[in-house]
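Asker: no sequence for this one, just the structure:
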Ligand SMILES: NCc1[nH]cc(CCC(=O)O)c1CC(=O)O
């Protein structure tokens, strides 16, 4: 294969640019001599600091990047899979050709005074706009006050340092990517804060007919991450959740090789929680995702999800 230029589109936030740098390093190791050009895209989701639902949901972080892929400004797009909508197909003519090896999936509490979640005083202002995080805090710590904070991780850290909020919830993997693991006060266990579908996963999207871009992506693919992400995104698709749906879940490869999927659906205040945990052969991630989603639907997930405007 003759190495050529590969143009990679991504959001222009520091975290997104750090993610593309990981892709570039891994491509360079696999294809010495391949020239990679980064195409930074500022999305409507990055510009808009109000509720995502005003922009039609999580597509606000992806649609302009998708457009660059489709119109040829880029040959590949890198997305955080947690930001890719699950209630609509990927844009026609594109496909996720690979998922990189998964990063950490935990959320972290950032508190400048070093206090753990259970040590925070009533009324402590927690900066988050995630309905998933708000619902789970409401379930266990209803005395804490969630304050909407949008923007990229760096701008949220600045809001914390400015005293606009008393604490933040952010993903460990995102902080690691921007070199701010130092800001973590407490890594929250998965029972307290179940992660979003696709947490810690970077997806490589290419045009369907571009065989060379497919080959570049395939070299970076991690099969375990593909199985976990496929189970999780199948769950999300069957539930037809949207950006305002408090849906959480993560797949895990057990030591015996089976695939496990744990998922939850919450009412916005966290007072209602539907929980399902099932296993399947690792070669059947779609079967597992579908089965867990149907279990949650039988428990009433449709009514919980549809009760939330979006
Ligand atoms: N929309 C924000 C976003 N998208 C992906 C991550 C974290 C990294 C990941 O899960 O891949 C974050 C930051 C956060 O949730 O703290």
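Answerer: Ah, there it is. Just so it is clear, the structure is predicted and the values come from calculations on it, not from any experiment.
Asker: CA atoms for contacts and neighbours, from now on please.
Answerer: Noted.
Asker: what's in contact with stretch 34-49?
Answerer: 3-13, 17, 20, 24, 27-28, 52, 55, 58-65, 73-74, 150-152 (C-alpha atoms under 8 Å, 6 or more residues apart in numbering).
Asker: my bad, should have said stretch 96-109
Answerer: 116-117, 167-173, 184-190, 193-195, 199-206, 214, 217-218, 220-222, 224-226.
Asker: got a quick PyMOL command for the buried subset of the contacts of stretch 34-49?
Answerer: Remark: buried members of those, expressed as a PyMOL selection using 16 or more other C-alpha atoms under 10 Å:
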select buried, resi 6+7+8+9+10+11+12+13+17+20+24+27+52+58+59+60+61+62+63+64+65+74+150+151+152
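Asker: please indicate which of the contacts of stretch 96-109 are buried?
Answerer: 117, 167-173, 184-188, 193-195, 199-206, 214, 217, 220-221, 224-226.
Asker: the contacts of stretch 96-109 also near the ligand: which ones?
Answerer: 170-171, 173, 199-201 (C-alpha under 6 Å from any ligand atom).
Asker: how about these in JSON lines, adding secondary structure?
Answerer: Listed next are these as JSON lines, based on DSSP: H, G, I helix; E, B strand; the rest coil:
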{"residue": "170", "secondary structure": "strand"}
{"residue": "171", "secondary structure": "strand"}
{"residue": "173", "secondary structure": "helix"}
{"residue": "199", "secondary structure": "coil"}
{"residue": "200", "secondary structure": "coil"}
{"residue": "201", "secondary structure": "coil"}
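Asker: closest one of these to residue 179?
Answerer: For those, the minimum distance to residue 179 (C-alpha to C-alpha) is 9.8 Å, reached by residue 173.
Asker: contacting residues for the closest one?
Answerer: Here residue 173 is in contact with 103-106, 200 (C-alpha under 8 Å, 6+ apart).
Asker: residue 74 against residue 64, yeah?
Answerer: No: taking C-alpha atoms under 8 Å as the definition, residue 74 is not a contact partner of residue 64, at 11.4 Å.
Asker: what bridges to residue 249?
Answerer: As for beta bridges, residue 249 partners with residue 263 under DSSP bridges.
Asker: contacting residues for it?
Answerer: Contacts of residue 249 (C-alpha under 8 Å, 6+ apart): 194-197, 232, 261-264.
Asker: buried residues of stretch 74-92, list them for me.
Answerer: Taking 16+ other C-alpha under 10 Å as the criterion, stretch 74-92 shows 74-87, 90 as buried.
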